[in-house]
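> Sharing a model that was predicted from the sequence below.
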Amino acid sequence: MFDLILTQILNGLASASSLFLVASGLSIIFGVTRIVNFAHGSLYMLGAYLAFTLVNLFGPASALGFWGGVVLAAVLVALVGLVMEVTVLRRIYQAPELFQLLATFGIVLMIQDIALASWGAEDKLGPRAPGFKSFVILFGNRFPTYELLLIVIGPAVLALLWFLFQKTRWGTVVRAATQDREMVGALGVNQRLLFTSVFAFGAGLAGLGGALQLPREAVTLHMDLSTISEVFVVVVVGGLGSVAGAYLAAVLIGVLHAFGILIFPKITLVLVFLVMAVVLVIKPYGLMGKRPVGHVRGPAAAEPLLTPADRATKLAGLAVLLLLVAAPLVTPDHLLLTLTELVIFALFAASLHFMMGPGGMASFGHAAYFGLGAYGAALAVKWLGAPMEPALVFAPFLAGIAGLVFGWFCVRLSGVYLAMLTLAFAQIAWATAFQWVDLTGGDNGILGVWPSSWAVPKTVFYYLALAVCAACVLALRFTVFAPLGYALRAARDNPLRAEAIGIDVMRVQWVAFTVAAFAAGIAGGLFAFFKGSVFPTYMAIPRSVDALLMVLLGGVQTVSGPIVGAFAYAGLSEQLMKLTMYWRFVLGLSIVLLVVLFPRGLVGGFLALRERHGAAGSGAAGPRLAVEGVR
Amino acid sequence: MKMDRRSFLATASAGVVAVTAPSLVRAQGSGPIKIGEINSYTAQPAFLKPYRQGWELAQERANAAGGALGRKFETLFRDDAGKPEDAVRHAGDLINAEKVDLLSGGFLSNVGLAIGDFALQNKRLYIASEPLTDALVWAKGNPYTFRLRCSTYMQAAMLVEEAAKLPAKKWAVVAPNYEYGQSAVKWFKELLKKAKPDVEFVAEQFPALGRIDAGATVQALEASKPDAIFNVTFGGDLTNFVRQGNTRGLFEGRAVVSMLTGEPEYLDPLGAEAPVGWIVTGYPYAEIKTPKHVAFREAYKAQYKEEPKLGSIVGYETVQAIVAAVAKAGSTDTDKLTAAFKGLSFTGLFGPIVFRASDHQSTMGAYVGKTALKDGKGTMVDWRYADGANYLPSDDVVKTLRPAG
């Protein structure tokens, strides 16, 4: 027994080193640039693929060939990071918070297809490392020497980073920028160079992490996404920007995992997220993170003021609504299916926007409430034999109650920590749906969730979805300009002043969180009856990411942004999926281009244009802060 | 539908004509027979690239031979990205916009179930090619869904037959943590206990799919000191599991029984580290010398400059089945096609295949044998073809398993 415990500790430490290498790069990048780099897993994957090619090219048998290949792979990935930063990210630092996430997601999609085209579909198994091919006997068990090497490499890299950050000028500047980058800029440090070098350095660490996996793991096309969520967890649990914290978190997760599977073999789905939820509830800034100093909301200009729709906007909104109402008259059946889906997604995106835009609470796990709405409907049908109408009414309550419970914890945090806690709760909900087979059918889902017979015709269901979604979107919009909305925006813009004038900030945010969850649940319920079946994928990470993309693409600082974003993003990806098997590359490229062209989102960009045009035309004196766009 | 929404709205009235006109022509039966094929092409390329190649080869051959009913076959391929909800969207689009005659495809079980349920609701035919879940033809079976590939139950039954011959008493299992892994373990345990009541299961590990922590998992299995191991992991998980297991000596002196590991999709990437002596289900493409298979392999290699994989076979056979069914039905009408699929028989690349009328499962089998190393690559030896018909429950038992009848 004692032998097993010691061996599992070693196993945990070896996994921890692998995690740490990737996580440290992400943490450093975030610390300085505040970019949530979704493409970090892709850089890790590129590192592994490049190392595979290079090591085989140089000859895996010789130490020089192997380690030379590994190091060169890391350097090449650093170059890829450099190119990413210079061509794309540099252009959008001024964009609203999290907007860069959109760009990095576009890059994720592009790299997926590039890797498939370059290295083929088949998994690759790299050679073993020369000198570390075998095992030693430890505690009565055979233990691979390469794992021992990894156990050493983790702390060694940590020490190296410590030296770099404590003893070199560059490192000092990076640390200073992590704490307060406006101050660093004011002191005359070249920010451009700093950001570029930090991004390339972090990318190189990801590449190194991937390359070092070569003797240990198959190189596959799934490495990117299976790594990224876990690495985010490590970074957040450790405390954003804290490298030592990242190592601590990696060890915690690695070791807990090695023991967890001995006791609960099925815990593998959710363990890391459970750890994160517990840590964030106890320590809101991670194990070693500090409350950020200076401007929390990043370098972007102050949030533009949301104003109620002017006459032109109202007319435009009405026109769009009329167009949607009239659509079935001129549209053949099958386009109605697409429209129905878009309308449902518009509500989903609008519900996320409600907490993210006016509420200032970004969520990485909003799909949980969409999915719970869908499950609410499906469970009512399956277990209560309910017809569609009561099931649809019941659906949002399951989501709303979850929002009430999860929200209570989440509003105690802010920024990326809050977002990651929503992700943790979403993953817990997802794992429950996945694993509670008796109740939910597990990943085989719940089938036969079809509408009542009157609502089966496509046109009828479309009108049902349109009516419900339009009403909810308008209600959300109304709330933004109601006292709750004003209080919410006050809490976002300056929590201290808001408290001072008597607004209970947490309470207001909690209510908004619950409202958003409830609205997402309505969308989810409709979606369940639209698709006829419900699966855990409805609340998986990709669906949460979709919602984020819609909101960001449309423009988080406008009220109509999410609706435009939903139509643009979902419409675009649907059409591309039909047109080409390389839709991921094209979609990714489109996202990157849109991001660079419209750094404030589509509606934000439109508003800026209109403003400039209007100002030139009328010669008005003061620029207006913002006006509201199409519906 | 080639237009997007916007251009459609711009030319609304013209659009109605453009869309309805071809379908009128098609209804008269002079156009091609259209198959709407939905699969996780981008999410599971290792299996589905060969699948699509096999499919296209079969379709070219069928069309070169004149198609069926004097019409050619045409396939519309759609990528579901591994999401059931996207698959359902494609199904709706294919049925309503493209007016396909039938649906096919599916790799993941939940995608197959979602399309199957859609087929039931819309009363359209769906030929599931690859999804392995038993629910597809049993618990959630429906009159409009048929499945080609041998199911989780069948593969487990094939392996249990061999496992029962082993002296091993203490078994450990490792399986990916989702329905396929759980079902495979459930059936293996149940059937093995029936065949050999004195076996006991001493450890089980359920790593998350695609994210196995191989070192810790191997250690956990080792700690239980089993006589034999039943493995259900595949793909990258299998590769990592094998490498750690080899280094740590997990497989030494132990029998290993393993699902799907003999399939080239999963055996080839292991290269020289492919395990030796594992009892597996799979497809030893280089060893099968039947004239039909040799001819197929030559044609496939000539066209794509690579060896066929199991995906190629599944794609090829799905087309064969559809072609045979259309010829038998003499029509593309859904009801007639569905009736034709019941009891449909044709000669496949592995042997005769029958779609059973009782549960809509085909009798396509798998090869069962032992893994071995040959010229630094994994292969199968001592293999035999296990005809699926011998590993399916009788019609009476099926009645209790399949509420849909």
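Arrived safely. Numbering: from 1, shown residues only, chains lettered A, B, ... in the order given.

> number of nearby residues for the residue in the stretch 1-150 of chain A that chain B sits nearest to?
Closest approach of the stretch 1-150 of chain A to chain B (C-beta to the nearest C-beta) occurs at A:Ala121, with a separation of 3.5 Å. For glycine as for every other residue, the C-beta is placed from the backbone atoms N, C-alpha and C. Residues lying near A:Ala121 (other C-beta atoms under 10 Å in any protein chain shown) number 20.

> cool, A:Ala471 as well?
The tally of other residues near A:Ala471 (other C-beta under 10 Å) stands at 12.

> That one - that's part of a helix, no?
Yes. Assessed with DSSP: H, G, I helix; E, B strand; the rest coil, A:Ala471 lies in a helix.

> Could you measure from it over to chain B?
23 Å (C-beta to the nearest C-beta, to the nearest Å).

> So for the residue of the stretch 1-150 of chain A closest to chain B, what's the pLDDT?
Note for A:Ala121: predicted pLDDT of 89.

> Hmm, it is touching B:Ala46, no?
Yes. The criterion here is C-beta atoms under 8 Å, and A:Ala121 meets it with B:Ala46 at 4.5 Å.

> hang on, the earlier thing: verify the assumption that the residue of the stretch 1-150 of chain A closest to chain B is located in a strand.
No. A:Ala121 is assigned coil when assessed by three-state DSSP, not a strand.

> Please report phi then psi for it.
Backbone torsions of A:Ala121, given as degrees, to the nearest 10, read phi -80, psi -20.

> again, but for the one 4 residues further on
Summarising the backbone geometry of A:Leu125 under the convention degrees, to the nearest 10, its torsions are phi -110, psi 120.

> Just the CA coordinates for the host helix or strand of B:Val381, please, in PDB.
Element membership for B:Val381, per DSSP states H and E: strand B:377-386. What follows is strand B:377-386, C-alpha atoms only, in PDB (Å, rounded to 0.1, in the frame of the first residue of the first chain):
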ATOM      1  CA  LYS B 377       4.800  -3.000 -37.400                       C
ATOM      2  CA  GLY B 378       1.700  -4.400 -35.600                       C
ATOM      3  CA  THR B 379      -0.400  -7.000 -37.300                       C
ATOM      4  CA  MET B 380      -2.800  -9.800 -36.400                       C
ATOM      5  CA  VAL B 381      -2.000 -13.600 -36.300                       C
ATOM      6  CA  ASP B 382      -4.100 -16.700 -35.600                       C
ATOM      7  CA  TRP B 383      -7.100 -14.700 -36.700                       C
ATOM      8  CA  ARG B 384     -10.500 -15.900 -37.800                       C
ATOM      9  CA  TYR B 385     -13.500 -14.200 -39.200                       C
ATOM     10  CA  ALA B 386     -16.200 -14.000 -36.500                       C
END
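
> pLDDT averaged over that strand - what is it?
95.

> quick one: that strand near chain A?
No. Judged by C-beta under 8 Å from any C-beta of the partner chain, strand B:377-386 and chain A are separated, with a smallest distance of 11.1 Å.

> Same question for stretch B:244-260.
Yes. Residues of stretch B:244-260 contacting chain A under C-beta under 8 Å from any C-beta: B:Gln244, B:Thr247, B:Arg248, B:Gly249.

> Can you list the buried residues in that stretch?
For stretch B:244-260, the neighbour count (16 or more other C-beta atoms under 10 Å in any protein chain shown) marks B:244-248, B:250-251, B:254-260 as buried.

> now stretch B:338-353
Residues of stretch B:338-353 classed as buried by neighbour count (16+ other C-beta under 10 Å): B:Thr338, B:Ala339, B:Ala340, B:Phe341, B:Leu344, B:Phe346, B:Gly348, B:Leu349, B:Phe350, B:Gly351, B:Ile353.

> and the end-to-end length of stretch A:238-247?
With C-alpha to C-alpha, to the nearest Å applied, stretch A:238-247 spans 7 Å between its terminal residues.

> Would you pull up how far it lies from the middle of the chain?
Distance, stretch centre to chain centre, for stretch A:238-247: 19 Å (C-alpha atoms, centre = their mean, to the nearest Å).

> Need the contact partners of it.
With contacts defined as C-beta atoms under 8 Å, 6 or more residues apart in numbering or on different chains, stretch A:238-247 is touched by A:16, A:20, A:23-24, A:27-28, A:30-32, A:154-155, A:158, A:161-162, A:165, A:178, A:234-235, A:237, A:248-250, A:285-290, A:416-417.

> related to what we said a few turns ago, and which of the buried residues of stretch B:338-353 is nearest to A:Gly59?
Among the buried residues of stretch B:338-353, B:Leu349 lies closest to A:Gly59 (C-beta to C-beta), at 40.4 Å.

> which SS class is that closest one?
Three-state call for B:Leu349 (three-state DSSP): coil.

> B:Ile313 is in contact with that one, correct?
Yes. With contact defined as C-beta under 8 Å, B:Leu349 reaches B:Ile313; the gap is 5.8 Å.

> Look up which helix or strand A:Lys382 falls in, please.
Element membership for A:Lys382 (DSSP H and E) is helix A:367-384.

> do that helix and chain B meet?
No. Helix A:367-384 stays out of contact with chain B when judged by C-beta under 8 Å from any C-beta, the minimum separation being 9.3 Å.

> ok, and for the next helix or strand after that helix, which residues are buried?
Using DSSP H and E, the helix or strand that directly follows helix A:367-384 along the chain is helix A:388-410. Using 16+ other C-beta under 10 Å as the burial criterion, the residues of helix A:388-410 that qualify are A:388, A:391-392, A:394-396, A:398-403, A:406-407, A:409-410.
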